[in-house]
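Visitor: Model the structure of this input:
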Amino acid sequence: MNVIGDLLNGFGTVLAPQNLLLAALGVTLGTFIGVLPGIGPALTIALLLPVTFNFSDPTGAFIMFAGIYYGAMYGGSTTSILINTPGESASVATAIEGHQMARRGRARAALATAAIGSFVAGTISTVLLTFVARPIGELAVTFQAPDYFALTVLAMVSVTALVGRSLLRGLMSLVTGLFIGLIGLDSLTGQPRFTFGVPLLNDGVNIVIVIVGLFAIGETLHVLAQGRTHKEEVAPLEDGSARTGWLSRKDWSRSWPAWLRGAALGFPFGTLPAGGAEVPTFLSYTYEKHRSKHREEFGRGAIEGVAGPEAANNASFSGVLVPLLTLGIPTSATAAVMLAAFQIFNLQPGPQLFDTSSELVWALIASLYVGNVMLLALNLPLIRLWVKVLQVPRPLLYSGILVFATLGVYAASANLTEVLLAYGIGIVGFFMRQFDFPIAPAILGVILGPMMEEQLRRTLLISNGDLSVIVTRPLSLSLLLAAAVALVLPYLPKALARLRGKNADDRHKLAFADED
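Guide: From the prediction side, this is the model:
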């Protein structure tokens with residue numbers, strides 16, 4: 001009953017006219033930018049992070065960010081279906097069947113099942129988030145400094161091991177992030193670290209600069225260098241009456257079980273370190289393909305192949321919020337960007353957040369329900385508008401992103417040096433993409449590195465310098481063992497292939513993308 005009362009209070013906050021407007025703005029912006037190829041939710045929120053400096057109350061900012069995330073996740077399905085170009089990695093599975101449906105003249109049905117599936121799965125996963133977040137937060141109160149140190153190690157190791165094709169590249173990306181995160185004055189001794197005599201760096205590198213540089217500037221330079229600026233071939237929408245875009249009775253009967261199964265897969269995977277949305281979307285697609293009574297349609301436009309992955313994609317977002325809000329641990333690049341937004345307002349997600357900022361947390365959760373409804377109401381009638389957005393010339397689009405990123409950093413700092421620093425980090429991000437270095441470990445290193453250092457120092461103070469306390473506590477030992485398993489897990493398929501006498505190479509390594 002306490003949970004329901006807190007949720008009703010959250011609805012009272014969200015339904016205020018100003019917050020409703022921010023929620024609507026978030027889902028509209030998220031969908032608009034998510035529709036554009038190659039621009040996922042992490043980049044979208046990164047671009048808008050500087051805007052939060054104008055918010056006196058963080059509640060409105062997070063209501064808007066939640067809408068942006070949901071909108072961008074759905075927007076990625078539009079590009080997947082219409083031009084076979086996923087907006088972010090979690091929409092790759094949707095593209096397999098969605099674009100084939102579009103080529104067969106069923107683009108509206110594909111877009112409709114994606115939109116309705118997103119609504120159904122998003123609502124189910126938000127209900128689960130509502131009832132599991134506080135109990136997990138209460139459990140997290142029992143965590144001590146060694147446990148938090150082990151938890152940060154698990155988060156960083158698992159993401160580094162599972163993202164990208166090379167563990168060495170992942171570790172180098174993580175070390176780069178740790179280096180940037182430790183720049184500034186030592187919190188214990190006050191001594192400058194890695195400042196190279198530059199007074200501006202005594203306060204460290206602003207996380208907004210790092211995120212805008214790595215995501216917005218780095219991604220834009222990479223796309224331009226790849227020459228991916230040609231006009232895309234957009235699948236036409238079939239003509240029809242005002243009811244076109246909704247599903248036939250047969251489509252409904254084939255879609256709704258896939259929505260439920262996708263939601264059941266997406267939420268738990270989102271809560272895991274390095275879970276994200278790629279794993280459940282591909283699992284959902286594979287499962288739907290094997291159990292379908294219409295298996296012959298797969299590869300030619302099976303509607304279950306769109307419904308299941310899109311449901312898993314959106315359900316994973318609510319799952320990602322569980323460790324973020326209760327433990328302060330981001331399990332994806334976008335969650336890391338949202339954690340940075342919390343830090344801008346001097347808020348630290350974790351077990352105390354439900355007590356210190358209860359109104360904010362429950363307003364954020366309530367906004368997910370409201371944003372879901374808005375997203376459905378927005379996207380079904382405006383399919384033709386999003387098709388027009390896909391025709392924006394690519395040079396104009398990416399030039400605009402660079403301009404917006406530059407203005408955002410300058411508006412946040414009013415310092416030209418920090419703009420140059422953002423471009424320097426952006427060039428680093430550009431080369432990381434050119435040479436296939438994952439970005440997510442670097443972001444986690446910047447954000448979690450200082451937290452890991454603080455918890456390690458606190459552990460040493462409590463234990464009088466005895467490091468063995470980390471492995472003698474059952475919880476911290478369990479987390480470290482889980483980190484060790486995460487380190488070897490990606491190479492398990494390769495080992496199994498060799499045991500079966502097959503030729504094994506790097507393609508057998510279990511790996512996922514890191515855009516979401």
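
Visitor: so the residue lying farthest from the centre of the chain, which of the three states?
Guide: Distance from the centre of the chain peaks at Asn464, with 39.0 Å (CA atoms, centre = their mean). Each residue gets one of three states, and Asn464 gets coil by DSSP: H, G, I helix; E, B strand; the rest coil.

Visitor: Can you report how many residues neighbour Ala24?
Guide: Ala24: 18 surrounding residues under other CB atoms under 10 Å. For glycine as for every other residue, the C-beta is placed from the backbone atoms N, C-alpha and C.

Visitor: hang on, it packs against Leu375?
Guide: No - under the criterion of CB atoms under 8 Å, Ala24 makes no contact with Leu375, lying 10.0 Å away.

Visitor: between the two, what contacts are shared?
Guide: Here Ala24 and Leu375 have Gly67 as joint contacts, going by CB atoms under 8 Å, 6 or more residues apart in numbering.

Visitor: Following element in sequence after the lowest-mean-pLDDT helix or strand in the chain, please.
Guide: Least confident element among the helices and strands of the chain, by mean pLDDT, DSSP states H and E: helix 383-389 (a mean of 66). Remark: after helix 383-389, the chain's next helix or strand is helix 394-413, criterion DSSP states H and E.

Visitor: Name the residues that touch the following helix or strand past that next one?
Guide: Downstream of helix 394-413, the first helix or strand assigned by DSSP H and E is helix 416-434. The list of residues contacting helix 416-434 from outside it, by CB under 8 Å, 6+ apart, reads 173, 176, 180, 200, 205-206, 209-210, 212-222, 225, 405-406, 409-410, 412-413, 437-439, 442.

Visitor: Show me just the buried residues among the residues you listed.
Guide: Buried by 16 or more other CB atoms under 10 Å: 173, 176, 180, 205-206, 209-210, 212-222, 405-406, 409, 412-413, 437-439, 442, out of the contacts of helix 416-434.

Visitor: quick one: contacts for the spatially closest residue to Ser77 that is not a sequence neighbour?
Guide: Using CB to CB, 6 or more residues apart in numbering and skipping residues adjacent in sequence, the residue nearest Ser77 is Ala114, 4.2 Å away. By CB under 8 Å, 6+ apart, the contact list for Ala114 reads 74, 77-78, 81, 94, 98, 306-307, 310.

Visitor: These: which two are farthest apart?
Guide: Within the contacts of Ala114, Thr78 and Ala307 form the most distant pair, 15.3 Å apart (CB to CB).

Visitor: Tell me which of those two has more neighbours.
Guide: Between Thr78 and Ala307, counting by other CB under 10 Å, Ala307 is the more crowded of the two (35 against 29).

Visitor: which element is that one on?
Guide: Assessed by DSSP H and E, Ala307 sits inside helix 304-327.

Visitor: Check which element follows that helix along the chain.
Guide: helix 333-344.

Visitor: distance between that next one and the chain's centre?
Guide: Distance of helix 333-344 from the chain centroid (CA atoms, centre = their mean, to the nearest Å) equals 10 Å.

Visitor: Output it as PDB, restricted to C-alpha atoms.
Guide: Output of helix 333-344 as PDB, limited to C-alpha atoms (Å, rounded to 0.1, in the frame of the first residue of the first chain):
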ATOM      1  CA  ALA A 333      25.800   3.700 -21.900                       C
ATOM      2  CA  THR A 334      22.500   5.600 -21.700                       C
ATOM      3  CA  ALA A 335      22.100   4.700 -18.000                       C
ATOM      4  CA  ALA A 336      25.600   6.100 -17.500                       C
ATOM      5  CA  VAL A 337      24.600   9.400 -19.200                       C
ATOM      6  CA  MET A 338      21.500   9.500 -16.900                       C
ATOM      7  CA  LEU A 339      23.700   8.900 -13.900                       C
ATOM      8  CA  ALA A 340      25.700  11.900 -15.000                       C
ATOM      9  CA  ALA A 341      22.500  14.000 -15.000                       C
ATOM     10  CA  PHE A 342      21.900  13.000 -11.400                       C
ATOM     11  CA  GLN A 343      25.400  14.100 -10.500                       C
ATOM     12  CA  ILE A 344      24.800  17.500 -12.100                       C
END
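
Visitor: related to what we said a few turns ago, so which of the contacts of Ala114 is the closest to Ala258?
Guide: When the contacts of Ala114 are compared against Ala258 (criterion: CB to CB), the nearest one is Ala307, at 3.9 Å.

Visitor: what about Asp466, how many neighbours?
Guide: 11.

Visitor: okay, now the residue nearest to it when sequence neighbours are not counted: neighbour count?
Guide: Leaving aside its sequence neighbours, Asp466 sits nearest to Leu460 (CB to CB, 6+ apart; 7.8 Å). Leu460 has 17 neighbouring residues, counting by other CB under 10 Å.

Visitor: Provide the secondary structure category for Leu460.
Guide: When classified by three-state DSSP, Leu460 comes out as helix.

Visitor: Check the gap between it and Leu188 for me.
Guide: 11 Å (CB to CB, to the nearest Å).

Visitor: same check, this time on Ala414
Guide: Using CB to CB, we find Ala414 at a distance of 30 Å from Leu188.

Visitor: what do you get for Asp355?
Guide: From Asp355 to Leu188 the distance is 27 Å (CB to CB).

Visitor: in the chain, which spans are strands?
Guide: 184-185, 192-193 (DSSP state E).

Visitor: of all those strands, which lies closest to Ile68?
Guide: Closest approach to Ile68 among those is made by strand 184-185 (29.4 Å; CB to CB).

Visitor: Pull the residues that contact the closest one.
Guide: Residues outside strand 184-185 that contact it (CB under 8 Å, 6+ apart) are 191-195, 201-205.

Visitor: I'd say Leu154 and Leu480 touch.
Guide: Yes - the pair Leu154 and Leu480 passes the contact test of CB under 8 Å, sitting 7.4 Å apart.

Visitor: Show me which of the two is the more surrounded one.
Guide: Ranked by neighbour count (other CB under 10 Å), Leu154 and Leu480 place Leu154 first, with 23 against 20.
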